[in-house]
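J.: Sequence and predicted structure are below.
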Amino acid sequence: MHITGETMLVLVNPDDWVQVYSQEGKLKLRPAITGAMQELHGKHNFQALHGSTHQLYRKIFSALLSPKALESFVPYLLANYQALWKKLECLSADKDSSVVVRNHVRDTQFELMCKVLYGIEKDTEDNTRILEQMRVDFETQEAGLSAPTFTKTFKDAYAATMRNRGIIAEKFLEHLDTMRQTLPSQKVENTVGSALEAVAYALIKDGTADDKDRVD
């Protein structure tokens, strides 16, 4: 397909997706990102990165989300889905009210995502407050992905994105500082419990923890 003068590859066969993803570097393909998505996700978002930086983070996340790496999260995942099931059972017992199962599943998935990716869970009042704000802001951000950049929907989404980005950046720098302080006294071991910690560990191991562009 040719859109706005550029050649675009559109895949509909799942087998083709596998082939392209395994060779995207060699094929020199670039994902098509809308203006709104580019603005909201930022120039450093994973889809917009190329070359060695893209390969570094792809390797990190591929390892982090492998079945073996996720084994440590199994008790947490299981406990959360068991709690979700019990909650739905209790809510369904009330014959006079309706239950939107999708919303409860979405909220549980959001909490699991924050635990696995950011290491944030409802273990303190502050973290509970942060997660509630992040959940609302992620929904606002999602609504703005397809909105024209001059609309209120997009502007609200951009503000929500900046709030979430600030929270995540603060958590990441905390992990990075902790690992930097560990280096002089002992070898940093990759016993991380979230994606943010895995990225911080990888940057230190790669010797690029002081590279502002990569940290950003």
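T.: Great, that's in hand.
J.: mind listing the helices for the protein?
T.: For the chain, helices defined by DSSP state H occupy the ranges 14-27, 35-41, 51-64, 67-70, 74-92, 101-113, 125-144, 152-182, 195-206, 212-215.
J.: Check which helices and strands the longest one is in contact with.
T.: The contact analysis (3 or more Cβ pairs under 8 Å, 6 or more residues apart in numbering; DSSP states H and E) places helix 152-182 against helix 35-41, helix 125-144, helix 195-206, helix 212-215. Heads up, the C-betas are built off the backbone N, CA and C, glycines and all.
J.: can you redo these as JSON lines with mean pLDDT?
T.: Formatted as JSON lines, those follow (pLDDT from 0 to 100):
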{"stretch": "helix 35-41", "mean pLDDT": "75"}
{"stretch": "helix 125-144", "mean pLDDT": "91"}
{"stretch": "helix 195-206", "mean pLDDT": "76"}
{"stretch": "helix 212-215", "mean pLDDT": "61"}
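J.: among those, which is the most enclosed?
T.: Greatest average neighbour count among the helices and strands packed on helix 152-182 goes to helix 195-206 (a mean of 20), per mean count of other Cβ atoms under 10 Å.
J.: and that helix, what other elements does it pack with?
T.: helix 51-64, helix 152-182.
J.: do you know which of the helices of the chain lies nearest residue 119?
T.: Closest to residue 119 of the helices of the chain, according to Cβ to Cβ: helix 195-206, at 5.9 Å.
J.: now the helices and strands packed on helix 152-182 as TSV including distance to residue 75?
T.: TSV is the format used below for those (distance: least, Cβ to Cβ, whole Å):
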stretch	distance to residue 75
helix 35-41	32
helix 125-144	19
helix 195-206	18
helix 212-215	32
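J.: and residue 57, what pLDDT?
T.: We have a pLDDT of 71 for residue 57.
J.: Mind putting the helices of the chain into CSV with distance to residue 119?
T.: CSV is the format used below for the helices of the chain (distance: least, Cβ to Cβ, whole Å):
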stretch, distance to residue 119
helix 14-27, 27
helix 35-41, 21
helix 51-64, 12
helix 67-70, 14
helix 74-92, 11
helix 101-113, 11
helix 125-144, 10
helix 152-182, 7
helix 195-206, 6
helix 212-215, 17
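J.: Number of residues surrounding residue 10?
T.: Residue 10 has 8 neighbours, counted by other Cβ atoms under 10 Å.
J.: Quickly note the distance from it to residue 145.
T.: 19 Å (Cβ to Cβ, to the nearest Å).
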